[in-house]
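Chemist: Sequence plus predicted model, see below.
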Amino acid sequence: MDFSNTSPESHCISELLDSSDGEEEEILMYGEDLELNPFDGLPYSSRYYKLMKERQELPVWKVRCAFMESLLHHQIVIVSGDAKTGKSSQVPQWCAEHCLAAGCRHGAAVCSQARGQVAVRLALRAADEMDVNIGHEVGYFVPFESCCTAETILRYCTDDMLQREMMSAPLLNSYGVIILDDVHERTVPTDVLLGVLKHVLRARPALRLVILTAPHMSSKLQDFCGSVPLIRVENEHQAEVVYTCSMPKDHFLSALRLLFELHHTKEKGDIVIFLACEQDIDKAYQMIRQEQSNSNPDLGELIPVPLYPTRNDLIPKPNQDKQKCYQKYRRKVLLTTSSGGSLVRIKNVTFVIDVGVERRKVYNPRIRADSVTTQPISKAQAEMHKQILSTSPSGKLFCLYPEEFTYKEMKPDFPAKIQESNLTSMVLFLKRMDIAGFRHCEFLSRPAPESLMQALEDLDYLAALDNDGNLSEFGIIMSEFPLDPQLSKSILASCEFECVDEMLTIAAMVTAPNCFLHTPSGTEEIALTCWRKFSHPAGDHFTLINVFNAFREASTNSAGQCCSNEKWCRNYFLSCSALRMAEMIRAELVEIMKRIELPISAPDFGSPENTLSIKKALLSGYFMQIARDVDGSGNYLMLTHRQVAKLHPFSSYYNTRRSPEWVLFHEFSISEDNSIRVVSEISPHLFVELAPQYYFSNLPPSESKDILQEVIDQLSPISTTKEKQKANSDNKENEKYPQAPTEQRCIIQ
């Protein structure tokens, strides 16, 4: 399988660039004087005028004058529009014009997105339409990648990156207009930004906030923001909707069956399939490629394009050798989930297949784990899937559910992520912003008090808070890392245990997408054999270091780096894009370590001392994620609650003769097959040494806790002797002065 760095959207841009001919050159001859671009002072190219005609045909262009007038006289402007109206691409450009007209006295324009790949694509499109260079007048900054200068007047970024920028510049003084896009997706950073920016607007009267959202959120946002202008944008075309008579037994197979039926009809147009989860995307991609190899070439080529909402994977490139056979017709099949609608940007979509359900993760603060359930999508999601066809007059939406399912089972709106997620990172950010009481931060949807309390408790366990509940010096350093607080704590602990180099690699690998590919049917044993070459007896965290080091060694030894890397990854059933992302993440973490002047120890991977140090560093952050094999058959009981889980199939311990009794795990989700991912063996003695005393005392009673208590007693004979002596003296005293019995307290040295 060959891979390319370009995305489906960048394919479209390159096609536009390649499709220009000599006709546009005549535009420049219409006037004696060339019109100059106010952003760079250079004459407009012929392409600018061609793209301007296309821009003016977008539905959002009809409200341009009303928007610019509202932006001039109001601090907050809400733009409510359907998908495919052009609001995400055009409104930020108008905001850049507003900043330029003011001489950039109040700052540049910045537009936040929920996903990094969308931010990059929109930045490329804006630079193309504004006729400027990417990285100069228009740029982007997303996690672990930046393409901006100090003079950039329009920046695209992810919402979490804008949130992180506020830690060093709370009033965001470098910006005159802030655009929050896709607010209806209700991500945690966007909801937090909405609340915090209300305080910033009061402090900076010249600042402007533009909110881009779907129609179903407009009234709620107006109530939240007060009396502010609301500009509505609507599509012209309405797609035809086809429902099934009953619910299918298997949504996944029904969707693929319908795909092949549509392809056999020879009706032109690309197809979008909304699946239940990203695992279904992987399976569909493999099955379509397998079916394509056996299909009739006269039907044309089916090109599956996976679009992952939560990871930025490379897009598989069609096999060039087979293109000659399919010159007659090539159809793209975009595979995504219900939350991936913003990733669909090609114009030639004629059919949409919607399975009507999704697998959602809902965080349970009581057990510190995600519950994964399959449930119906919302009515708002179903409507947005329909709007993808708004540019196609003959488009059809195939809903794999009856029409009454929409009214009886679907909820009207998206659930807010702030009510379903682990809020530890959010609370760390708010503490960094010196918001001591959450009553002072307004939320569009208030998070559950239990989730907030659990987040505060976890930060306290991690030593991120002082006795007054404010950020400690340790917590301030932890907030500098764009990572989960537990992972940040492990990195800081690695400075003490002198295993920083290895801990940075682990942090990069667990933050990047999963590097182990889902293998095609029939190749599972081959893949397992390949992966065993990287296995480390100490556990999966150490296996990830082996994989990363082997990938870097393959890169160093290869002449043609890109091709050789991809070939090496294919041979070992590894994701090349995930490993490249891990390289980028690690490089960024190294820069952060240098900036805040933390020591980076020399690599010493493989020595027994280093292995022990890595385990200590991991335990310093992940002591709340410990499990014990209760029966010797791989049934792991969580230390903090009664849930039982198995090892994930990707674990190096899976299908081995020996399952470790005590493990530290990186991830646990409650689903049909409860499993813990990325696990490494630890000893009870290490846990007792590194876990905070008050955390241990708060654990619920269990056999595992009793075992740990025995270890504590063994490790503290002096304390135990003193306790016995004290107990004997107390008994003598009690003979004289009887007292009520007191509870024994656990003492951890």
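Modeler: All right, it came through fine.
Chemist: How far off centre is stretch 605-625?
Modeler: Here the centre of stretch 605-625 is set off from its chain's centre by 26 Å, with C-alpha atoms, centre = their mean, to the nearest Å.
Chemist: Now that stretch: buried residues?
Modeler: For stretch 605-625, the neighbour count (16 or more other C-beta atoms under 10 Å) marks 605, 610-611, 613-625 as buried. (Each C-beta comes from the backbone N, C-alpha and C, glycine too.)
Chemist: who touches the nearest residue in space to Ser535 that is not next to it in sequence in this structure?
Modeler: Leaving aside its sequence neighbours, Ser535 sits nearest to Ser652 (C-beta to C-beta, 6 or more residues apart in numbering; 4.1 Å). Ser652 makes contacts with Trp531, Arg532, Phe534, Ser535, His536, Gly539, Asp540, Thr543, as judged by C-beta atoms under 8 Å, 6 or more residues apart in numbering.
Chemist: Output those in JSON lines, with secondary structure and pLDDT appended to each entry.
Modeler: Converted to JSON lines, these look like this (DSSP: H, G, I helix; E, B strand; the rest coil; pLDDT from 0 to 100):
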{"residue": "Trp531", "secondary structure": "helix", "pLDDT": "90"}
{"residue": "Arg532", "secondary structure": "helix", "pLDDT": "89"}
{"residue": "Phe534", "secondary structure": "coil", "pLDDT": "93"}
{"residue": "Ser535", "secondary structure": "coil", "pLDDT": "92"}
{"residue": "His536", "secondary structure": "coil", "pLDDT": "94"}
{"residue": "Gly539", "secondary structure": "strand", "pLDDT": "93"}
{"residue": "Asp540", "secondary structure": "helix", "pLDDT": "95"}
{"residue": "Thr543", "secondary structure": "helix", "pLDDT": "96"}
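Chemist: Can you say which of these are buried?
Modeler: Using 16+ other C-beta under 10 Å as the burial test, these include Trp531, Phe534, Ser535, His536, Gly539, Asp540, Thr543 as buried.
Chemist: Can you tell me which of these is closest to Thr213?
Modeler: Asp540 (40.9 Å; C-beta to C-beta).
Chemist: for the closest one, what are its contacts?
Modeler: Residues near Asp540 by C-beta under 8 Å, 6+ apart: Phe650, Ser651, Ser652, Tyr653, His666, Arg677, Val678, Val679, Ser680.
Chemist: and Tyr654, how many neighbours?
Modeler: Using other C-beta atoms under 10 Å as the criterion, Tyr654 is surrounded by 17 other residues.
Chemist: Would you agree it falls within a helix?
Modeler: No: using DSSP: H, G, I helix; E, B strand; the rest coil, the assignment for Tyr654 is coil, not a helix.
Chemist: now Leu690: how far from Glu609?
Modeler: Leu690 sits 16 Å away from Glu609 when distances are taken as C-beta to C-beta, to the nearest Å.
Chemist: what packs against the helix or strand hosting Asp191?
Modeler: According to DSSP states H and E, Asp191 maps onto helix 188-203. Applying 3 or more C-beta pairs under 8 Å, 6 or more residues apart in numbering; DSSP states H and E, one finds that helix 188-203 makes contact with strand 108-113, helix 159-168, strand 175-180, strand 208-213, helix 424-432.
Chemist: Check which helices and strands the longest one is in contact with.
Modeler: Going back to what we said before, that points to helix 159-168. On a contact count with 3+ C-beta pairs under 8 Å, 6+ apart, helix 159-168 meets strand 108-113, helix 188-203, helix 424-432.
Chemist: With respect to burial, which of these scores highest?
Modeler: Most buried of the helices and strands packed on helix 159-168, by mean neighbour count (mean count of other C-beta atoms under 10 Å): strand 108-113, with a mean of 27.
Chemist: For the very next helix or strand once past that strand, give the mean pLDDT please.
Modeler: Downstream of strand 108-113, the first helix or strand assigned by DSSP H and E is helix 116-130. Mean per-residue pLDDT for helix 116-130: 94.
Chemist: Show me how far helix 116-130 is from its chain's centre.
Modeler: Centroid displacement of helix 116-130 relative to its chain, using C-alpha atoms, centre = their mean, is 19 Å.
Chemist: After that helix, heading C-terminal, what element do we hit next?
Modeler: As assigned by DSSP H and E, the chain's next helix or strand after helix 116-130 is strand 138-142.
Chemist: quick revisit: can you list the contacts of Asp540 in TSV and add distance to Pro92 and secondary structure?
Modeler: Formatted as TSV, the contacts of Asp540 follow (distance: C-beta to C-beta, whole Å; DSSP: H, G, I helix; E, B strand; the rest coil):
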residue	distance to Pro92	secondary structure
Phe650	40	coil
Ser651	44	coil
Ser652	46	coil
Tyr653	49	coil
His666	37	strand
Arg677	38	strand
Val678	38	strand
Val679	44	strand
Ser680	45	strand
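Chemist: Those residues, buried ones only, as a PyMOL selection?
Modeler: In PyMOL syntax, the buried subset of these is picked out as below (16+ other C-beta under 10 Å):
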select buried, resi 650+651+652+653+666+677+678+679+680
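Chemist: Just give me how far stretch 242-256 sits from the chain centre.
Modeler: For stretch 242-256, the separation from the chain centroid amounts to 29 Å (computed by C-alpha atoms, centre = their mean).
Chemist: again, but for stretch 170-181
Modeler: How far stretch 170-181 lies from its chain's middle: 22 Å, per C-alpha atoms, centre = their mean.
Chemist: can you list the residues that contact that stretch?
Modeler: Stretch 170-181 is contacted by residues 71, 88, 91-92, 95-96, 98-99, 102, 104-114, 159, 162, 165-166, 190, 193-194, 197, 200, 203-204, 206-212, 433 when judged by C-beta under 8 Å, 6+ apart.
Chemist: With stretch 253-271 instead?
Modeler: Here stretch 253-271 makes contact (C-beta under 8 Å, 6+ apart) with 248, 273, 275, 284, 287-288, 291, 299-300, 302, 329, 331-334, 346, 348-353, 355, 392, 394-395, 398, 400.
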